[in-house]
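Peer 1: Okay, structure incoming, though there's no sequence with it:
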């Protein structure tokens, strides 16, 4: 399977200026190619190549390969939508391939620029360093928050497919980000504390920016501070989701089980929230957690099944009775039919597990091995 490896470049001042200039020329060339192709009604790589190749080489000073990659960037946009002519920002990504990018050892990359080749050192963690030998194909040079990164594609082998003997149900939520049918809970308290902290800072900065704008000033530094806060908050959420997904997949593989998740696609459009809940629900990164679980499970050979979430929180796992009043609170589930009482998220995880046994093919094992204690 293909993964993305991120390497942080550490260029000198002159090298950074060369990279920025090359980035601006590359994106200007991509915009020119898109405009020329759109005006002529041409949207394919070959047709646009014959139309603007020599003009791009002359006008923007790009090498032959970067000129080809700039046209390819425009063509990729046309493949999605031919009714709109795309334009690219000067700081948009550059797609490098093996003809204009090479690696010198494990600490430097040689990139083509308008000022010739530059050898730029990079830094990375042990995870990235152990996988550098798997870098293949293209790499994107991006500029984020004043820092250059190389996003490299690597090919990672997948483990042999697991023959699951059972399924682990995972209930996704906001108070508890994930609850497994084993009874393990991953609390969302840290996420909510982070969201609340950044929301208060955001309000202060937005208020100050509005006052500065009323005085005729341009609050550029405040906008930059808001962007930095957004990146930090998103990074924190991403790190938490990576940790949870890694633990879930490791637990499932270690016990020879598949994973069953709720299919929460368009859940926000189907649900209505009260005013105090909206900010918290907007920050619910369940889709990201699901993606992380799916790709980690694919690499580990663990099957993943998506089940219908309808009534998983209101249905009794013991007798099957479904009633809204069964969910007495966020944490408490008490069946009005059989009296079964447990944590609401755990009951939902058990229901998801049972539905997942239909979605994930199991190996033939005695029925008693398929039953887990209900706790």
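Peer 2: That came through fine. In this text, all values refer to a predicted model and were calculated from it rather than measured experimentally.

Peer 1: Could you report the separation of the residue nearest the centre of the chain from residue 295?
Peer 2: Nearest to the geometric centre of the chain sits residue 288, at 5.5 Å (C-alpha atoms, centre = their mean). Residue 288 is 11 Å from residue 295, where distance means C-beta to C-beta, to the nearest Å. All C-beta spots, glycine's among them, are computed from the backbone N, C-alpha and C.

Peer 1: What of residue 44?
Peer 2: 32 Å.

Peer 1: Please apply the same query to residue 172.
Peer 2: 17 Å.

Peer 1: Comparing the two, which residue is more hemmed in?
Peer 2: Neighbour totals were compared for residue 172 and residue 295, and residue 172 leads with 25 against 16 (other C-beta atoms under 10 Å).

Peer 1: was I right about the more buried one contacting residue 264?
Peer 2: Yes - between residue 172 and residue 264 a contact is recorded at 6.6 Å, counting by C-beta atoms under 8 Å.

Peer 1: anything in contact with each of these two?
Peer 2: Common contact partners of residue 172 and residue 264 (C-beta atoms under 8 Å, 6 or more residues apart in numbering): 286, 290.

Peer 1: can you list the domain ranges for the chain.
Peer 2: Using automatic domain parsing, the domain parsing of the chain gives 2-155, 166-187+238-370.

Peer 1: Quick one: name whatever helix or strand follows the helix or strand of the chain with the lowest mean pLDDT.
Peer 2: The weakest-scoring helix or strand in the chain, judged by mean pLDDT, DSSP states H and E, is helix 275-282 (a mean of 60). Using DSSP states H and E, the next helix or strand after helix 275-282 towards the C-terminus is helix 286-300.

Peer 1: Quick one: mean pLDDT over that following helix.
Peer 2: Mean pLDDT, helix 286-300: 91.

Peer 1: Summarise which helices and strands it is packed against.
Peer 2: strand 166-172, helix 220-254, strand 257-262, strand 304-307 (3 or more C-beta pairs under 8 Å, 6 or more residues apart in numbering; DSSP states H and E).

Peer 1: which stretches of the protein have low pLDDT?
Peer 2: 218, 268-283, 363-375 (pLDDT under 70).

Peer 1: Do you have the strands of it handy? List them.
Peer 2: 2-9, 94-96, 101-104, 108-113, 116-123, 135-144, 147-155, 166-172, 176-180, 185-187, 257-262, 304-307, 332-334, 341-343 (DSSP state E).

Peer 1: Need those in JSON lines (columns: distance to residue 223).
Peer 2: Formatted as JSON lines, these follow (distance: least, C-beta to C-beta, whole Å):
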{"stretch": "strand 2-9", "distance to residue 223": "24"}
{"stretch": "strand 94-96", "distance to residue 223": "25"}
{"stretch": "strand 101-104", "distance to residue 223": "33"}
{"stretch": "strand 108-113", "distance to residue 223": "29"}
{"stretch": "strand 116-123", "distance to residue 223": "28"}
{"stretch": "strand 135-144", "distance to residue 223": "16"}
{"stretch": "strand 147-155", "distance to residue 223": "18"}
{"stretch": "strand 166-172", "distance to residue 223": "33"}
{"stretch": "strand 176-180", "distance to residue 223": "31"}
{"stretch": "strand 185-187", "distance to residue 223": "33"}
{"stretch": "strand 257-262", "distance to residue 223": "37"}
{"stretch": "strand 304-307", "distance to residue 223": "39"}
{"stretch": "strand 332-334", "distance to residue 223": "45"}
{"stretch": "strand 341-343", "distance to residue 223": "44"}
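
Peer 1: out of these, nearest to residue 80?
Peer 2: Nearest of the strands of the chain to residue 80, taken as C-beta to C-beta: strand 94-96 at 16.2 Å.

Peer 1: what does the closest one contact?
Peer 2: Applying C-beta under 8 Å, 6+ apart, the set of residues contacting strand 94-96 from outside is 22-23, 26-27, 66, 69, 72-73, 111-112, 138-141, 150.
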